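Novice: sharing a sequence plus its predicted fold:
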Amino acid sequence: MLRLRAGITSLLFSLLFAGGLLRLADLQINRSAELAAFRENRLTQVEQKAPRRGRILDAAGTILAEDRPTQDVWLIPAFAERVNRRRAIVSNLFPVGTEQILLLSRLRGEESRFEKNLALTGMIEANPLVSELSARLKIDKPAVAEKILTAAISGNPASNEDLLQPRPVFEDIDFALALEIRAALANPFGNSLWRPISIRTGRRRHYPAGELAGHLTGTTGKLTGEEYEELRGHWDGEEAVPGRGFIRKQDRIFFSIFDRDGVPSDEELILRLKKIKRSGGLIKTQSYLANEMVGRGGLEQYYNQSLRGRHKLQGLRLVREPGSGRRRFLPSGGAEAAINGLDIRLSLRLDVQRRATSILERHIGEIAKRPELAASNWRRSGIAIMMNPQNGRVYALVSLPSYDPNTFSRDFNLLRDEPDNPLLDRAIAGIYPPGSVMKPLVALAALSEEAIMPGQRFLCDKVLMLGGARFTCLGRHGEQDVESALMHSCNIFFYHTGEALGGRLLYEWYARVGLGRRTGVDLANEARGILPRNAYTRRGWATGNTYHLAIGQGMAVTPMQVAVFYSALANAAGGIMRVVHPHLLIPPITPAESGAEEDLANEALDLDQPVSEMLVDGEALASVRQGMWQAVQGNLETGESGSGRQASFPLPGGEFLLELGGKTGTAEWSRNVGGSVVKQISHVWFAAFAPFDRPEIVVIVMLPEAGGGGGGTCAPIVKDLIRMWFNLPELPDAMNAGSEALG
């Protein structure tokens, strides 16, 4: 019996020993690679290697936006340690524990506010890191505690492991302090106070031109929570809702976690999302994307996907030094460098932008001295656009007042509440009634549609009665044809012309040149404008509405839309008017070295192509352009002056240093004040192209609520801008001295 028991026991031990050997063999031979990878992952920390954001350069290569290195404070909310042979997550932020951080991540509303206040109170009173950072950064303790706690609870509320991932807290701290903290963290016997944080070299966007190009460049800011959810997905209770993986703004890719060249096909994207949803996971965007800096406004936003570059993750492997037993992270190898963003080159010429801004500011300063503007506390603002009418390249785009993108984050609240609204790019996002600058298009439409005949005249007796309503003109001009009506900016002529053309055709011609829709200029936040569609549908439309629409009232446009229309008038040849695509991007000087660079260069070339082409009657176009010539230079046969005479360059003997075509605009508008409609000071315009016979520049100037007529207020500004562009000398101009024109 004893032998039997011994035999059974020996057999059992033999089987156990054989099983152990087989398991050991399986682990050593069959699963060695898998276990090695598992160990590597357990001992590897992921560190972000940020790419350089692409630069923005003007036509001469002058830098308008670039990255500069910074020293940033990143927080590690918790650390891992082994307790009783299991891994434990312990908070770094005593007295705020890991459980409290996770709870705050999940809470919302009033409950979250109460719990957060308790945590902040504890940190302010008992956390030495808060006290030290407050003293060293010269920031109040509550503000420091708020920043630290906000960073700590900004991760995934369902994941303890997420608390081990660093997240940014303070940007661009003093270099000496950053060096001190780095030294303390590298020293095992150093100050343990800094243990919860790390110092990383980051990047900060710098804009050397400041306010001069603030609206053009835009600025940068972090991805919002809503944008991050759209990219990665979110948790709906216990269920994971996958995200799209990309964001669109203005019908173009703003940000994508896929290839920089675009997003997957619809079929591929559907398959990816189905697979992710079946697995209950979220799209992997790599956690640092929650802190990604992206473009906000201007070129930074429009070309964000090209400028941002591509992140890579550098693996750091935990090792123990022989003898001392100290632990540190070393590169694990095989990591790729981050892919820097692409530089973009602009048609903008910074020297022209600077001089155009100076000219506009000088004139605005003089205009503000007018008694009626001083009494009304006029908000000084103005727009100037200088553009190539042949291909739509923008050389200068001035919107005053502007802002400095370098201090945008710090000054945002002040800028937002400023009555002058410096954050508004009036050139592309401000909408205003255009007034008489629309009259050349009305004349061209009426002649082309044979609503009126060449040489046809209408009598201007200053007042036109329609029923019981009075429709007035600036003067009593007598018999007027197209040329003289444009020269004098005669409203009565265009009331009759608009009526002959009809509201429907008037609407169609306005729409053909891009009014009422975005021009597609490569800047963020462009406005559409307002073009009354009931002119087309005729619902509630009367002849009086057509009268208003024919002189540019009852509608609203952006100054950029006017620049596009005048470019079409300037580039017209052979009976074809080309509606250009206004843009700033131009191809780089050096050949493309990658597919992404080649795509960007091709996009720039595509922008040079017209959006559409319009067939127009050649004689009608010649008549309209002659009227625009006379609006500036006057009628040499009769000696009559045009409404835009202050933009002319006369020489003795009836010659001109430079000839241009142009048109004034004075747009009336009203405001509802206490239930009563009160007439306001007019918006004023002047639009021109030069030289007249071979146009190479279109100039648009618009001053909101400045009054004085487009000819008296804006024409002198356009003259100075054209003189600057062509480097013309200043000559005595007795013809224009002391004169003021309305239009």
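Specialist: Here it is on my side, so go on.

Novice: for Leu464, grab phi and psi.
Specialist: phi -120, psi 120 (degrees, to the nearest 10).

Novice: now Leu22
Specialist: phi -60, psi -40.

Novice: would you check how far apart it and Gln28 are?
Specialist: 11 Å (C-beta to C-beta, to the nearest Å). (Each C-beta comes from the backbone N, C-alpha and C, glycine too.)

Novice: how about residues contacting stretch 712-721?
Specialist: By C-beta atoms under 8 Å, 6 or more residues apart in numbering, the residues outside stretch 712-721 that reach it are 356, 359-360, 363, 367, 382, 384, 386, 632, 644-649, 662, 664, 684-686, 688, 699, 701-703, 706-707, 740-742.

Novice: stretch 406-425 now?
Specialist: 206-207, 210, 215, 219, 221, 297-298, 379-381, 399, 401-404, 430, 523, 525.

Novice: of all the residues in it, which ones are buried?
Specialist: For stretch 406-425, burial by neighbour count (16 or more other C-beta atoms under 10 Å) applies to 406, 408, 415, 422-425.

Novice: strands paired with the top strand by length along the chain, and their directions?
Specialist: Identified as the longest strand of the chain according to DSSP state E is strand 63-75. Strand pairing for strand 63-75, using DSSP bridges, gives strand 56-57 (antiparallel), strand 167-170 (antiparallel), strand 197-206 (antiparallel).

Novice: select, out of these, the one closest to Leu731.
Specialist: Distance to Leu731, taken as C-beta to C-beta, is lowest for strand 56-57 among the strands paired with strand 63-75, at 36.3 Å.

Novice: and that closest one, how far out from the chain middle?
Specialist: 15 Å (C-alpha atoms, centre = their mean, to the nearest Å).

Novice: can you pull out the strands in the stretch 401-550 of the chain?
Specialist: Along the stretch 401-550 of the chain, counting by DSSP state E, counting those that start in this stretch, strands occupy 458-460, 463-466, 469-472, 478-480.

Novice: highest mean neighbour count out of those?
Specialist: Of all these, strand 458-460 carries the top mean neighbour count, a mean of 19, counting by mean count of other C-beta atoms under 10 Å.

Novice: which elements pack onto it?
Specialist: The elements that strand 458-460 packs onto, with contact taken as 3 or more C-beta pairs under 8 Å, 6 or more residues apart in numbering; DSSP states H and E, are strand 478-480, helix 491-501.

Novice: buried sites along stretch 498-518?
Specialist: 498-503, 505-507, 509-510, 512-516, 518.

Novice: next, the distance between the ends of it.
Specialist: Taking C-alpha to C-alpha, to the nearest Å, stretch 498-518 runs 25 Å from one end to the other.

Novice: returning to that earlier point: for the longest strand of the chain, what does the pLDDT average out to?
Specialist: For strand 63-75, the mean pLDDT works out to 93.

Novice: dump it to CSV, restricted to CA.
Specialist: Output of strand 63-75 as CSV, limited to C-alpha atoms (Å, rounded to 0.1, in the frame of the first residue of the first chain):
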residue,chain,number,x,y,z
ILE,A,63,8.9,85.5,-42.7
LEU,A,64,5.4,86.4,-41.5
ALA,A,65,5.0,83.4,-39.2
GLU,A,66,7.4,80.9,-37.7
ASP,A,67,8.0,78.6,-34.7
ARG,A,68,10.3,79.5,-31.9
PRO,A,69,11.5,77.1,-29.2
THR,A,70,10.0,77.3,-25.7
GLN,A,71,10.4,75.6,-22.4
ASP,A,72,7.1,74.1,-21.3
VAL,A,73,5.9,72.5,-18.0
TRP,A,74,4.1,69.2,-18.5
LEU,A,75,2.3,67.4,-15.7
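
Novice: check the offset of it from the chain's centre.
Specialist: Here the centre of strand 63-75 is set off from its chain's centre by 20 Å, with C-alpha atoms, centre = their mean.

Novice: pull out the buried residues from that strand.
Specialist: 64-67, 71-75.

Novice: do the same with stretch 203-223
Specialist: 203, 205, 207, 209-221, 223.

Novice: one more: stretch 607-619?
Specialist: In stretch 607-619, counting by 16+ other C-beta under 10 Å, buried: 607-608, 610-611, 614, 616-617.

Novice: contacts for that stretch, please.
Specialist: Under C-beta under 8 Å, 6+ apart, the answer for stretch 607-619 is 391-393, 444, 447-448, 454, 512-514, 520, 522, 568, 572, 574-581, 583, 585.

Novice: which among these end up buried?
Specialist: With burial judged by 16+ other C-beta under 10 Å, the buried subset of the contacts of stretch 607-619 is 391-393, 444, 447-448, 512-514, 520, 522, 568, 572, 577-581, 583, 585.

Novice: re earlier: Ala556: which of the strands paired with strand 63-75 is closest?
Specialist: Counting by C-beta to C-beta, and looking across all of the strands paired with strand 63-75, nearest comes strand 56-57 at 30.4 Å.

Novice: in strands only, show me the buried residues of stretch 203-223.
Specialist: Those of these lying in strands (DSSP E): 203, 205, 219-221.

Novice: can you tell me which of the residues you listed is nearest Lys147?
Specialist: Nearest to Lys147 among these is Gly221, at 16.2 Å by C-beta to C-beta.

Novice: any idea what that closest one is bridged to?
Specialist: Counting by DSSP bridges, the residues bridging with Gly221 are Val294.

Novice: just the pLDDT at it, thanks.
Specialist: So, for Gly221, pLDDT stands at 91.

Novice: also Arg328?
Specialist: 48.

Novice: confidence score at the residue nearest to the spatial centre of the chain?
Specialist: Geometric centre of the chain, nearest residue: Gly297, 2.2 Å, by C-alpha atoms, centre = their mean. Listed pLDDT for Gly297 reads 95.

Novice: then Glu268?
Specialist: 59.

Novice: got it, and the one 5 residues further on?
Specialist: Confidence at Leu273, expressed as pLDDT, is 56.

Novice: pull the number of nearby residues for the nearest residue to Lys439 once chain neighbours are set aside.
Specialist: In this structure, Lys439 finds its nearest non-sequential neighbour in Phe494, 5.5 Å apart by C-beta to C-beta, 6 or more residues apart in numbering. If you count neighbours by other C-beta atoms under 10 Å, Phe494 ends up with 29.

Novice: ok, now which ones touch Phe494?
Specialist: 439, 442-443, 485, 550-551 are the contacts of Phe494 under C-beta under 8 Å, 6+ apart.

Novice: what is the nearest of those residues to Leu621?
Specialist: Using C-beta to C-beta, the contacts of Phe494 come closest to Leu621 at Ala443, 9.9 Å.
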